[in-house]
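Trainee: Make a model of this:
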Amino acid sequence: MTTTPNLLVELFVEELPPKALKKLGEAFANTLADSLKAQGLAGPHALVASFASPRRLAVHVGQVAAQAADQARQTKLMPVAVALDASGAPTPALLKKLAALGVDASVLPQLRRQPDGKAEALFLDSVQPGATLAEGLQKALAEAIAKLPIPKVMQYQLHSAEGSGEGADFQPGWTSVNFVRPAHGLVALHGADVVPVRALGLLAGRTTRGHRFEAAQPTVTLRDAAPDPYAQVAENLKRHSLSPLDLARFIRHQVDAGDSNATVASKLNLDLTTVAHHLTLLNLPPVLDEALKSGRCTSPRTLHELHRLHAQNPEQVQTLLAGNGDLTRKAIAAVKATALPIVRDPGQSARASASLMAQASPLCDRLQTILERATRPDAATPTDQRTALHSRLMTLTELAARR
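Mentor: So this is what the prediction gives:
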């Protein structure tokens, strides 16, 4: 099965302000990921993990496309009265407008007339190719760096063009960049491939540096952008940076890909009940879905109980949600206590009883055959086993006699 690779971006810098690490890491990751999503390179629910240490800012984005899908585009040109003369031929104004869009008179038969207010206008339908990852990541990276919450940046000069993203105009000691601290390395990996982006005078590669004192070697070469999705999610769970709904979407994706609930639970160190509660979040009725997305109730267990209660007594649940009280387990218990009993369809009960009897009859036939074999004189069944079997048969007889 073909999978979409993950993306890893790391900026290696000099010492960052310790108190600002968390804020810088989250801002860097969220801005970059949001830009990729807006460009169609990452899905709206792509998993995003941020990392920040005194010497690096990094982000890991799950399932990033190498190129975004093409987009249909409709461009309004100008009113028909301006675009065409009395004979229907294109005017110089229209030809100039088409040239500005990079097309010529050959597209004239494809232009559409469409009402535009009180007049008609000409429209050009075209397909805009999706951005490549190199283009999209370059834009996202520049945006993420520009929007970092840095009250004051420093300016420093680049002294070497080696590994630099600067062009032929690079001048050692004169070309300057602005950032919170001098940057010395940039990693951009899409799966096992390097994405050739540039930032702060650096050209992306796959080499980073370890701890300045504890690392076994000064540089580290990264092979892949963390191919195991469970490792990324497990890390996010440890950091409490994954919402219940994001976790639910991940579980659903893995189950749809063929993993069992037990496999997902084992790899994420969760119990099966927690997995089931999270999956419920993807099938909530509108009133509960709104409570989840508004942040009023984000507990998967509580929402699971409300979901079951809503299926039996929707009016009571809607009344609870309409109030201003907290959606606590105590409040849910109170609703359960006042909930109307479930009225079962007598016909449904009769059908269920008939089905059970139909299943019991062949089982009794098999039991009779086994007993006839076990009680034959030549069977040599031990006395204690016969006594235990007789006791169980008496119990079954009592159960069958009940009404």
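
Trainee: Can you report phi and psi for residue 298?
Mentor: phi -120, psi 0 (degrees, to the nearest 10).

Trainee: so where is this protein shaky, pLDDT-wise?
Mentor: Within the chain, the segments meeting pLDDT under 70 span 1-2, 159-174, 212-217, 226-228, 232, 239-241, 325, 338-352, 402-403.

Trainee: what residue is smack in the middle of it?
Mentor: residue 45 (3.1 Å; CA atoms, centre = their mean).

Trainee: And the strands in the protein, which stretches?
Mentor: Counting by DSSP state E, the chain has strands at residues 7-13, 48-53, 56-61, 71-79, 112-116, 119-128, 154-157, 176-179, 183-190, 193-194, 198-199, 202-203, 207-209, 219-221.

Trainee: For the second one, name the packing helices and strands.
Mentor: Right, the one you point to is strand 48-53. helix 21-38, strand 56-61, helix 229-239 (3 or more CB pairs under 8 Å, 6 or more residues apart in numbering; DSSP states H and E). The way it works is simple: take the backbone N, C-alpha and C, and place the C-beta from them, glycine included.

Trainee: orientation of the second one relative to helix 229-239 in degrees?
Mentor: Taking axes from the mean of the first three to the mean of the last three CA atoms, to 10 degrees, one finds that strand 56-61 is oriented at 120 degrees with respect to helix 229-239.

Trainee: circling back to that earlier point, which of the helices and strands packed on strand 48-53 sits closest to residue 389?
Mentor: Among those, helix 229-239 comes nearest to residue 389, with 49.1 Å by CB to CB.

Trainee: Domain-wise, how is the chain divided?
Mentor: Following the assignment in automatic domain parsing, the chain carries domains at 7-67+132-221, 71-128, 240-338.

Trainee: now the ones you listed in a markdown table, with distance to residue 376?
Mentor: What follows is the domains of the chain, written out as a markdown table (distance: least, CB to CB, whole Å):
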| stretch | distance to residue 376 |
| --- | --- |
| domain 7-67+132-221 | 65 |
| domain 71-128 | 80 |
| domain 240-338 | 44 |
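
Trainee: To residue 354, which of these lies closest?
Mentor: Across the domains of the chain, closest to residue 354 is domain 240-338 (CB to CB), at 25.2 Å.

Trainee: Quick one: distance of the closest one to the chain centre.
Mentor: 17 Å (CA atoms, centre = their mean, to the nearest Å).

Trainee: Same check on stretch 49-62?
Mentor: How far stretch 49-62 lies from its chain's middle: 18 Å, per CA atoms, centre = their mean.

Trainee: for stretch 364-379, same thing?
Mentor: In terms of CA atoms, centre = their mean, the centre of stretch 364-379 is set 59 Å apart from its chain centre.

Trainee: same question, stretch 108-123
Mentor: For stretch 108-123, the distance to the chain centre is 41 Å (CA atoms, centre = their mean).

Trainee: Would you mind writing the CA trace of that stretch as PDB?
Mentor: The C-alpha trace of stretch 108-123 is given here as PDB (Å, rounded to 0.1, in the frame of the first residue of the first chain):
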ATOM      1  CA  LEU A 108     -11.500  33.400 -27.400                       C
ATOM      2  CA  PRO A 109     -13.800  30.500 -28.300                       C
ATOM      3  CA  GLN A 110     -13.500  29.300 -24.700                       C
ATOM      4  CA  LEU A 111     -14.600  32.500 -23.100                       C
ATOM      5  CA  ARG A 112     -18.000  32.400 -21.300                       C
ATOM      6  CA  ARG A 113     -20.700  35.100 -21.100                       C
ATOM      7  CA  GLN A 114     -22.300  35.300 -17.800                       C
ATOM      8  CA  PRO A 115     -24.600  37.800 -16.100                       C
ATOM      9  CA  ASP A 116     -22.700  40.200 -13.800                       C
ATOM     10  CA  GLY A 117     -25.000  42.500 -12.000                       C
ATOM     11  CA  LYS A 118     -27.000  44.500 -14.600                       C
ATOM     12  CA  ALA A 119     -24.600  43.700 -17.500                       C
ATOM     13  CA  GLU A 120     -22.900  40.700 -19.100                       C
ATOM     14  CA  ALA A 121     -19.300  40.000 -18.600                       C
ATOM     15  CA  LEU A 122     -16.700  37.600 -20.100                       C
ATOM     16  CA  PHE A 123     -15.100  34.900 -17.900                       C
END
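
Trainee: and among the helices and strands packed on strand 48-53, the most buried is which?
Mentor: Mean neighbour count (mean count of other CB atoms under 10 Å) peaks for strand 56-61 among the helices and strands packed on strand 48-53, with a mean of 23.

Trainee: what angle do it and strand 48-53 make?
Mentor: Following the same axes, to 10 degrees, one obtains 170 degrees for the angle between strand 56-61 and strand 48-53.

Trainee: returning to that earlier point: wait, the residue nearest to the centre of the chain touches residue 246, no?
Mentor: Yes - counting by CB atoms under 8 Å, residue 45 touches residue 246, with 6.7 Å between them.

Trainee: Save the helices and strands packed on strand 48-53 as JSON lines, and put in distance to residue 95 too.
Mentor: Shown next, in JSON lines, are the helices and strands packed on strand 48-53 (distance: least, CB to CB, whole Å):
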{"stretch": "helix 21-38", "distance to residue 95": "34"}
{"stretch": "strand 56-61", "distance to residue 95": "44"}
{"stretch": "helix 229-239", "distance to residue 95": "53"}
